[in-house]
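Enquirer: Below are the sequence and a predicted model for it; my questions follow.
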Amino acid sequence: MSHQSVSPARRVGVATGLAVLGVVLSVLLSIPVFVVSLGTVAQFAVALVLSELGFVAAGLVFLRATDEGLDFLRIRTPDLRALGVVVAGTVALFGYRLVAILTAQAAGLPLAGNSVTQLAEQGVLATLLLLVPLSVLVVGPAEEFLFRGVIQPYLDGAFSRALAVVLTSALFALVHLPTTWIATPNPIAVSVTLVILFGLSLLLGYLYVWTDNLVVPILVHGFYDALLFGLAYLVLSSETLPDGASAVALNV
């Protein structure tokens, strides 16, 4: 199916619908795990996997409805240059997060909590370790599949690449609104957190444009999250790490 005749407004509507569908399917798929008793660690892990599959399902709905194949996703085996970009991109995301959080704290702005802070409150350190591999194997691939693999190229068909990245990043940030609001029902804290997530998504979108390879943002996203969860574990199990490490690991 050709998308050339689809208007820009309709593309934005479809992209927004896909993002919303991803959230809805994530909630629906994770509901069954909460009606059985699996233990805190297993229950959280299974719920995470099922919820992330919601984003994959939304992307597959688009590919099926439009008769698009895997070529639409621009997936290629990364070469040495791409792997170098993955390393640099992961460091860049981490550096951006640290600067953004410390800047927000210096300005006296509150930050919304997330799964890391909730787990910290519950004292479930084992789950943080489990989230390290799950970030690389599940979270990064699932979310990048929908947002960078499907939504961004679809918007790219009607807008400039730069605007497609911006619009995709706005949707990426907004889908985190429910979880950030549940964790911290504070409009200012949620707004600051979403702005930071928007910036992170801009970097991921740029990496996809630069490399034209979906594997790159998938790996950067996965390694970035894994690094944060690993650091959070170290922070919560040690009192000797610097304040900067604590800030970047336990916020947003």
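Expert: Okay, I see it.
Enquirer: residues touching residue 180, list them.
Expert: When contacts are counted by Cβ atoms under 8 Å, 6 or more residues apart in numbering, residue 180 touches 112, 113, 114, 189, 190, 193, 194. Any C-beta I mention is one placed from the backbone N, CA and C, and that applies to glycine too.
Enquirer: can you tell me which of those are in helices?
Expert: Among the contacts of residue 180, the ones falling in helices (DSSP state H) are 189, 190, 193, 194.
Enquirer: tell me the two of the contacts of residue 180 that are most distant?
Expert: Spanning the widest gap among the contacts of residue 180 are 113 and 194, at 13.4 Å by Cβ to Cβ.
Enquirer: So, low pLDDT: which residues of this structure?
Expert: 1-4, 38, 40, 114-124, 239-252 (pLDDT under 70).
Enquirer: how about the ones in helices among the contacts of residue 180 in JSON lines, adding distance to residue 46?
Expert: Compiled in JSON lines, the ones in helices among the contacts of residue 180 are given as follows (distance: Cβ to Cβ, whole Å):
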{"residue": "189", "distance to residue 46": "29"}
{"residue": "190", "distance to residue 46": "27"}
{"residue": "193", "distance to residue 46": "26"}
{"residue": "194", "distance to residue 46": "27"}
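Enquirer: from the residues you listed, which single one is nearest residue 31?
Expert: residue 190 (23.8 Å).
Enquirer: burial measure for the closest one, as a count.
Expert: Around residue 190 there are 21 other residues, counting by other Cβ atoms under 10 Å.
Enquirer: who's in contact with it?
Expert: Shown in contact with residue 190 (Cβ under 8 Å, 6+ apart): 112, 177, 180, 181, 184.
Enquirer: quick one: which helix or strand includes the fourth one?
Expert: Mapping residue 181 onto the secondary structure by DSSP states H and E places it in helix 177-183.
Enquirer: circling back: what about burial for the ones in helices among the contacts of residue 180, which qualify?
Expert: 189, 190, 193, 194 (16 or more other Cβ atoms under 10 Å).
Enquirer: Of those residues, which is the nearest to residue 164?
Expert: Once Cβ to Cβ is applied, the member of those that ends up nearest residue 164 is residue 194, at 19.3 Å.
Enquirer: Please name the nearest non-neighbouring residue to that closest one.
Expert: Distance criterion Cβ to Cβ, 6 or more residues apart in numbering; nearest residue to residue 194, sequence neighbours excluded, is residue 173 at 4.5 Å.
Enquirer: Same check on residue 69?
Expert: Per Cβ to Cβ, 6+ apart, closest to residue 69 is residue 63, 7.5 Å.
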